[in-house]
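In: Starting from these lines, generate the structure:
(chains A, B and C)
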Amino acid sequence: MTAASSAEDNVLVIGAGMAGIEASLTLAEAGAKVYLVEREPLFGGKTIKYEEVFANMECSTCMAAPKQQEVLQNDRIELMTLSEVREVKGEAGDFTVGVHRKARYVDAEACIGCNACFDPCPVSLPNEFEENLGERKAIYLPCPGALPNVPSIDTERCVRFTENKECTLCQEACMFEAIDFNQKDEDVELKVSGIIVATGSDLIDSSQLKELGYSGEGNVYTALELERLYASNGPTEGTIQLRDGRTPSSAAIVHCAGRKDTGYCSAVCCMYSLKFVHYLKDKLPDTTVHEFYTDMCIPGKKYQEFHDRMKDKVNLVRYDELSVSPNGGSVGISYKSGAGTNEKLDVDMLILAPAMVPSRGAEELAGMLGIEQGGRGFFGSSTGSPAESGKGGIYVAGCAQGPKDIGQSVAQAGAAVGRFLSAASRGFSGE
Amino acid sequence: MGEEFKPRIVAFLCNWCSYAGADVAGGSKLEMPPTLTPIKVMCSSRVDPVMVTLAFLRGADGVLIAGCHPGDCHYDKGNYYARRRFAVLKTIFETLDLEPERLRLSWVSASEGQRYAEVVREFSAKIAELGPNPRRRQPAGIKES
Amino acid sequence: MEKRIGVYVCECGPNISEALDIDRVVEAVSGMDGVVVADRYKLLCAGAGQQHLVDQIKEHDLTHLVVAACSPKEHESTFMSVCEKAGINPYMFQMANIREQVAWVTPDKEQATERAIRHVRAAVGRVIRHTPLATREIECNPDVLVIGGGIAGLSSAALLAGPERKVYLVEKEPALGGAVKGYEKLFPGMRSGSELVQRYQAQVEANDNITVLTGTTVKSILGFLGNFEIAVENGQGEGQEFMVGAVVAALGMKEDTESLGEYGYGEIDDVYTALEVEAMNLEGRLALKNGDAPKSVGIIHCVGREHSEYCSSVCCMAGMKIGRYLKDKLGDVKVTGFYRDLCVPGCDAEQFYRETRDAGMEFVRVGRVEVHDSGNGIVLKCGTAEGAVKEEKVDMVVLLPSVQAAEDVGALAEMLSLPLGPHGFMIEEHEKLAPVNTSMEGVYLAGGVTGPGTAEQTLSQSEAAAGRILAGLVPGRKLETEARVSEIRADLCAGCRTCLTVCCYGAIDYDPMKGICVVNEVLCRGCGNCASACPSGAASHRHFTSNQIYREMAEILK
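Out: Just a heads-up that it's a prediction; the model follows:
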C-alpha cells in the first residue's frame, strides 16, 4: 500500500474505544482515510470511565486524552459519533457500508462547550454513563471532559420529540446559536476496502444474577458503578459513599459474578478488584476490605507485583459458593470457603466483578458483517491469527474478540491493521 | 505602605498533565486566587535551577513546578529528573536568603482539576503568609541576549 | 527584520467578555514593543474569526501573532494553521489562556482583568523571541530485520515483506519454528502446533522478499529509525552487513531452570520439565526412563514462582495440554495437576479446562509441593486447602517452570542500549498504549522476549509490530521530524555528555571525532530535559529556549 490516499484506501473502524482509536491512528499514519463509527455521543469506550488503570494506577483519562486529541485533530480520521452500522455489502477491497447517523441537534462548529444549555432543560433523568448514580438532562454531555466536547439531545427524552412540545429553552440559553432543531438523522453510504470491528464489551446484567443481591438500588454495586463513584469527574467527584449517603466502614468485592452463567473467566476482574482495594483504601483508609475470589488470575510480568502490594491491605478469602442478601442496612454474605467451611459476613458495601460479555448488538452486527461469533458470542475465528474474523477484509480487535486488558486490546488493534495493510498491498488476494 | 501584599507566583506547568489539570480546574469553574501565572513547558524536566533562581531574583514571591505523577511522565522519566533538580535546588536556598517553602514541586494529573485548585490555593496562602520576596528589587542588571 | 506583532483578544461570547474588561487588556498591550495592532473579536475559532485573522495578518503585514482566548490545548493548532494560511511560519505564534486560567476562575472582574493583562503581556514578551521552525525530512529504508524465526518472527515477516520492502529473518538455530514447532498441539483448541508453524513458514519460504538466515546471529545494530546498520554472522564466521529501517525482536522464551533442582530435577529419575515432555510426546515416547508407561503422573504448577515473582500465564494451560497428551496416548493413567490458582482467562480457556477434566485429568489445589524419592517410586507431599498434608505416589513428575525471555535477550538489549526490566524481559514503551514499541523508535517487540504469554497474544504482538512498520515506514515516503526538538550548539558544547545520560530516548549521540554531542532530530521527542541538564547552555529546546521562557517570566514579574 502506498502513502497516497486514493478512494480505495478507505477503512471503516467500528467502535471508538482504545482499540478503535489505536487502529484509526495507525491506519491514518499509513495514509488511509478512516471512518471511525461510534454509537455513543462521546468516544473512548470503557477506559474513560475509569479513574485509574492497573497495574501502575496510571490516571486513565490522562492516558486516553492525548490519543483522543490525536484522533480529533487528524485530518484523515472522520469520527462519526451517534452513528451505527446498518448494512454491509461487498467483499474485501470493496465494501459498501450503510451507516445511520443520529442528529446531535447541536452544531459542533458553533458550540464552544460552555454547558449553558443544560440548566434550563426541564427534563432530568438518570445518567447512563454515570451508571445511573447521577442525573443528566435531555440535552447533555455524558461527563465532564467528554469528547467531542459538544452536547447532544436525547430524542427519547426531549419533550420536543416525546410530546411534540415547542420547548426552546436550551436554544434560548445558547449564546452561540449552536442548537439546531432542524438537524435530521441521516443515512450515509461508505465505500471502504476493509473493516475493523472494535466494538468492545459490556458487563453482564447483574440483576440477572439472582443470588448476588444486586438491584441497582441497595448497597450492592457493580464494578462500573464503583469506578464512577471513585472518578474525580464522576457524580460524587470521587467521594465513595453509599446510596443512602452513609460512608461504608466495611466493603467486600466479589469476583466471578456471573462466571457460572457465561462459562469463562473474564480475564481482568482479579486485577481490577485489587485496584478497587487501592481505590477504597485511598478514600477510606479505615475501611475494612474483603475480597472474595475463586482463583487469583494475575498473568504476566507486571501483575503479581501489584497483587503483592495490595494483599496486606485486604482480607483475601477464597470461596466456592457465595450468596448475598440484604441484612437490615448491611449486606449479608453467606459463603463456602476454599477450605470447605460455611461462613457468614456482613459488610456495608458489596462490589461485584461481573462477567464481561459481548457488546450490546454484537449478534446483529455479526449478521450484517457475515462473521462468526464463537460460542460465547465474541467475534473471531478460532483458526489462525486472533485479529482474523474468518471473513476476508474484516478484522477484529479488542474485547470484541474476547475478554482482555487494554494493552492486549491495543496490540490486537495493531495486528488487525497489520493484517489489513498487508492484505491490501496484495490486493486482498487469498483473503 | 498600607498596600496589600499581592503575591506574584510563577508556575511551570507541563503540557501533558498539570497544564491540562489546570484547564480542567478552569472548566469546572473552580475559583483560585489571582496570584499565580502559568508558564507552559512540555515537561517538568525542562525547568532548570537557573530558571527558578532567576524567577526569585526578579522578584517572584513563589515558584511552583507541577508535573505528572511519578511513573506517568509523558516522556518516560522526565519528572524524576525534575524532582532531583528541585531537591538539589532546595538545599542551596539558604544561600539565597530565601525560605525553602517559596519553592514547591507538585504532581497534578490531567484530570485532577480539584487537586490543582487545592495546590494553588494552599501555595498562595503559604506565600501570603511568608510575605514578599526579601530579594524583590527592580529588575535591572539582568542581561538578556 | 522588523517585528510586527498582532494581538487579538477573543470575547468567547460572554465567557471572556463578561468576566473581564477586554478593552483594558487591548489597551495594555497596545503600547508594547513590536505590537502594531491590538484588537478584540467575537469568536476567533469560528470560520469567520479565522478568516479575520488571515486578513489581519496580510493587512498589517504581521510577522508574529498572539491570540488571547481559550486554552492552547483547544485551539493552538487551529491558529497555527491560520498562520500558515496567511503565509507566516506557524511557530511565530503564541496563545494566552485567558479563559480556563483567568475568566473562568477569577470571579472579581478587576482581578480578572489584571490577570488577563499579565497573561497577554507574557505571551507578547515571549513571542517576540520566537524563531521560525520547520520540520525536516529524512530518507528512510523500509526494509526490516526480524530477529527470531519462531511464530512471532515468521508471522511478522510474512505480513511485512513485499516487492518494495525486504525482510531479513535471522534465526540462530539451524531450523525455523521456535518453541511452537516442538508442540504437537496448542491450547485451547488442541490445534496442531507444527501445522501452525508450517503455515507461516511456507508463507515465508515462498516469499522472495524475505531473506532467511538460519544458524545466524546478530552481531551489532547501529543507527536509528529508518537508518539501522546491521551486522550478522553465521556459524562459520561469515559475516553480512545490510541496512534496514526497523527491527522486530522476536527472540522467544525459555524455561527458568533455576528452581528445578528444588523439585528433584536432575537427581530423581522421571522428573521432567514441560518442554521435555513435549519433545517426548512428539517423538512418541511418553514413557519412564526404564521404558515402561507411567501409571500415575503428577503435574506441578508454579515451579519457581517464589523466585520469579510473576505468573507465567501459560503454564496452567500447558499442564492441561500435557494431561491431555497423556490421557490420549496412554489411556489408563492417573494424571493429577497440583496447582495453586487456576489461570484460565479468556473466552475459550475455561472450556478447555472442563474438557480436560472430562477427559479424566484430576486437579488438586495445594500449597507448596515437595518431591521425594521414596526408594520405591516418587512421593509428592503437599499442603491442601483444608490445611492437611496430602501424599501422593506417582511414577512421573512433570514440572511447569517459570517462563523467561530467551537466552540472548541480554546481549540484544545491550546492543540496542535498552534496559531490561526487573524480570529480565525487554521493556515495552507503554504497557497499554504502546505494548509492542520500545523507547527506541523503530525497534519493536513480540512474544516471549517482552513477557510470558500465549501463542494468541504473541501473534497479536508480532502482527501489531508489522502493522506499525507498514504504517510508519512507507517505501518512498520520507520521515518527518518534529519541529520543537532540542539542538546543541557545537561551539558551546564541551562534550561532557550530561545531556546524553539524561535522554530517555537515546536521541543524543556523542561524536568522538569532534568531541561534542549531537541531537538526532528523528528520535528527539522534545521534552527539554537535556536543555535543563546542560551546564554550558549548549543544548537548547527549540520553541522553549531559556530566552523565550525568561521573557515570558519577565513580563509576569513586572
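In: ranges for the strands of chain B?
Out: Assigned strands in chain B, in chain order: B:9-14, B:36-41, B:62-67, B:103-107 (criterion: DSSP state E).
In: Tell me where the stretch 201-350 of chain C has helices.
Out: Taking DSSP state H, counting those that start in this stretch to define them, one finds helices in the stretch 201-350 of chain C at C:274-282, C:305-308, C:315-330, C:349-358.
In: could I get those as JSON lines with mean pLDDT, mean neighbour count and distance to residue C:454?
Out: Any C-beta I mention is one placed from the backbone N, CA and C, and that applies to glycine too. Compiled in JSON lines, those are given as follows (pLDDT from 0 to 100; neighbours: other CB atoms under 10 Å in any protein chain shown; distance: least, CB to CB, whole Å):
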{"stretch": "helix C:274-282", "mean pLDDT": "96", "mean neighbour count": "18", "distance to residue C:454": "14"}
{"stretch": "helix C:305-308", "mean pLDDT": "94", "mean neighbour count": "16", "distance to residue C:454": "18"}
{"stretch": "helix C:315-330", "mean pLDDT": "96", "mean neighbour count": "23", "distance to residue C:454": "7"}
{"stretch": "helix C:349-358", "mean pLDDT": "96", "mean neighbour count": "18", "distance to residue C:454": "9"}
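In: of all those, which lies closest to residue C:122?
Out: Judged by CB to CB, the one of the helices of the stretch 201-350 of chain C that comes nearest to residue C:122 is helix C:305-308, at 53.4 Å.
In: for the closest one, the distance to its chain's centre please.
Out: Centroid separation for helix C:305-308 versus its chain: 25 Å, with CA atoms, centre = their mean, to the nearest Å.
In: Quick one: residues contacting residue C:22.
Out: Residues near residue C:22 by CB atoms under 8 Å, 6 or more residues apart in numbering or on different chains: C:9, C:11, C:16, C:40.
In: What's the separation between it and residue B:16?
Out: 30 Å (CB to CB, to the nearest Å).
In: who in the stretch 251-400 of chain A is up against chain C?
Out: Contacts of the stretch 251-400 of chain A with chain C, taken as CB under 8 Å from any CB of the partner chain, map to A:263-267, A:295-305, A:308, A:318, A:338-340, A:374-376, A:378, A:382-387.
In: out of these, which are inside strands?
Out: Of these, the ones assigned to strands by DSSP E are residue A:318.
In: now the residues of the stretch 251-400 of chain A next to chain C: which count as buried?
Out: Buried residues within those, counting neighbours by 16 or more other CB atoms under 10 Å in any protein chain shown: A:264-267, A:295-305, A:318, A:338, A:374, A:376, A:378, A:382, A:384-387.
In: Cross the residues you listed against helices and list the overlap.
Out: A:303-305 (DSSP state H).
In: Pull up the pairing partners for the helix or strand hosting residue C:370, direction included.
Out: Taking DSSP states H and E as the criterion, residue C:370 maps to strand C:362-373. Strand C:362-373 has its sheet partners listed here by DSSP bridges as strand C:334-339 (parallel), strand C:378-384 (antiparallel).
In: contact partners of the worst-scoring helix or strand of chain A on mean pLDDT?
Out: Lowest by mean pLDDT, DSSP states H and E among the helices and strands of chain A is strand A:58-59, with a mean of 84. Residues from elsewhere that reach strand A:58-59, judged by CB under 8 Å, 6+ apart: A:51-52, B:17, B:69, B:71-72, B:109-112, C:432.
In: Report the two of these separated the most.
Out: Using CB to CB, the contacts of strand A:58-59 span at most 19.4 Å, a distance reached by B:112 and C:432.
In: So between those two, which is more surrounded?
Out: residue B:112 (27 against 23; other CB atoms under 10 Å in any protein chain shown).
In: Just to check, the more buried one is in contact with residue A:233?
Out: No: the pair residue B:112 and residue A:233 fails to qualify as a contact (CB atoms under 8 Å) at a distance of 9.7 Å.
In: overlap in contacts of the two?
Out: residue B:24.
In: In contact with residue A:133, which residues?
Out: Here residue A:133 is in contact with A:126-127, A:225, A:228-229, A:234-236 (CB under 8 Å, 6+ apart).
In: same thing but 6 Å
Out: By CB atoms under 6 Å, 6 or more residues apart in numbering or on different chains, the contact list for residue A:133 reads A:228, A:235.
In: and residue C:491, that's in a strand?
Out: No: assigned with DSSP: H, G, I helix; E, B strand; the rest coil, residue C:491 falls outside any strand and is coil.
In: Which strand residues bridge residue C:246?
Out: According to DSSP bridges, the partner residues bridging residue C:246 are residue C:144.
In: what secondary structure does residue A:273 sit in?
Out: Going by three-state DSSP: residue A:273 is helix.
In: I figured it hits residue A:252, correct?
Out: No: if you go by CB atoms under 6 Å, residue A:273 and residue A:252 don't touch, sitting 10.3 Å apart.
In: ok, the residue of the stretch 151-300 of chain A at minimum distance from chain B to residue B:68 distance?
Out: When scored by CB to the nearest CB, the stretch 151-300 of chain A has residue A:232 as its residue closest to chain B, at 5.6 Å. Residue A:232 sits at a distance of 15 Å from residue B:68 (criterion: CB to CB).
In: Out of these two, name the residue with the larger neighbour count.
Out: Ranked by neighbour count (other CB under 10 Å), residue A:232 and residue B:68 place residue B:68 first, with 28 against 22.
In: these two touch, right, that one and residue B:79?
Out: Yes: the pair residue B:68 / residue B:79 is scored as a contact, 5.4 Å apart, by CB under 6 Å.
In: low-confidence ranges in chain B?
Out: Applying pLDDT under 70 to chain B flags residues B:1-3, B:137-145.
In: Would you mind finding the longest helix in chain A?
Out: The longest helix of chain A (DSSP H) is helix A:406-425.
In: That one near chain C at all?
Out: Yes: using CB under 6 Å from any CB of the partner chain, helix A:406-425 reaches chain C at A:406-407, A:410-412, A:414-415, A:417-419, A:421-422, A:425.
In: Of these, which are in range of chain B?
Out: When contact is defined as CB under 6 Å from any CB, these do not meet chain B at all.
In: Quickly name whichever of the residues you listed is closest to residue C:337.
Out: Nearest member of the residues of helix A:406-425 next to chain C to residue C:337, counting by CB to CB, is residue A:407, at 28.4 Å.
In: Check the closest one and give its pLDDT.
Out: Looking at residue A:407, its pLDDT is 97.
In: From residue A:300, how far off is it?
Out: Distance from residue A:407 to residue A:300, by CB to CB: 9 Å.
In: Can you tell me the centre-most residue of chain B?
Out: For chain B, residue B:64 is the residue whose C-alpha lies nearest the centre (CA atoms, centre = their mean; 1.2 Å).
In: for the nearest residue to that one once chain neighbours are set aside, what are its contacts?
Out: Sequence neighbours aside, residue B:11 is the residue nearest to residue B:64 in space, at 4.1 Å (criterion: CB to CB, 6 or more residues apart in numbering or on different chains). Residues in contact with residue B:11, defined by CB under 6 Å, 6+ apart, are B:36, B:38, B:64.
In: Tell me who's in contact with the last one.
Out: For residue B:64, the contacting residues are B:11, B:104, B:123, taking CB under 6 Å, 6+ apart as the criterion.
In: Look up which residues are beta-bridged to it.
Out: residue B:11, residue B:104.
In: Please report how far it lies from residue A:161.
Out: Look at residue B:64 and residue A:161: by CB to CB, they are 49 Å apart.
In: What of residue A:267?
Out: Using CB to CB, which is the criterion applied here, residue A:267 is 40 Å from residue A:161.
In: again, but for residue C:478
Out: Distance from residue C:478 to residue A:161, by CB to CB: 52 Å.
In: between the longest helix along chain B and strand B:36-41, how many degrees?
Out: Longest helix of chain B, by residue count under DSSP H: helix B:113-130. Interaxial angle of helix B:113-130 relative to strand B:36-41 (axes from the mean of the first three to the mean of the last three CA atoms, to 10 degrees): 120 degrees.
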